[in-house]
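A.B. asks: I would like the atomic coordinates for the input below:
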Amino acid sequence: MEARKRWFIVVCVTGAIVDVLAAIQMLVPRLFAATSGLDSFHPGSDYRYAMGMGASLMLGWTALLIWAALKPVERRQVLLMTACPVILGMVMNEIRAVHDSFLTATAAAPIWLGQAILVLLCLYSYMSVVRSEQAPAARPG
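C.D. replies: Okay, the predicted model is just below:
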């Protein structure tokens, strides 16, 4: 069980780090533009307002993942909520951005790969903790 808890903690901390980096990118439009291949991106106050709200939520999710890491068994559902709706919702938003020609599929592809890895890690970690809770305790011998 201890190895599964450690793995859960690693996944939570990894998610928290990704969230902090995303929040920084949201708060610094030039950084977003540079990492998204948007050479002539000049956001207005509406974009800055929306990203400020989004960054606040992203930082809140960072705190939630750290909180979950402190008690992996009791708070394991946080990883399910991280996978869906959070990450899968972001994927849907990025698909729309590509469809609307705001982002290119080439720029979105590495993001989607990272998100797919995070979803798989979240689901694997959640299931590992659930299975370990359902397994009979080993007898001292």
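
A.B. asks: ok, residue 45 - how many residues close by?
C.D. replies: By the criterion of other CB atoms under 10 Å, residue 45 has 7 neighbours. Yep, even glycine has a C-beta here, placed from its N, CA and C like the rest.

A.B. asks: for the longest helix along the chain, packing partners?
C.D. replies: For the chain, the longest helix by residue count, based on DSSP state H, is helix 105-134. Packed against helix 105-134, as judged by 3 or more CB pairs under 8 Å, 6 or more residues apart in numbering; DSSP states H and E, are the following elements: helix 2-27, helix 77-81, helix 88-99.

A.B. asks: how far is it from where the chain is centred?
C.D. replies: How far helix 105-134 lies from its chain's middle: 9 Å, per CA atoms, centre = their mean, to the nearest Å.

A.B. asks: ok and it relative to helix 2-27, angle-wise?
C.D. replies: 150 degrees (axes from the mean of the first three to the mean of the last three CA atoms, to 10 degrees).

A.B. asks: what's the mean pLDDT across helix 105-134?
C.D. replies: Mean pLDDT, computed over helix 105-134, is 94.

A.B. asks: rewinding a little: and the helices and strands packed on helix 105-134: which comes nearest residue 134?
C.D. replies: Judged by CB to CB, the one of those that comes nearest to residue 134 is helix 2-27, at 11.9 Å.
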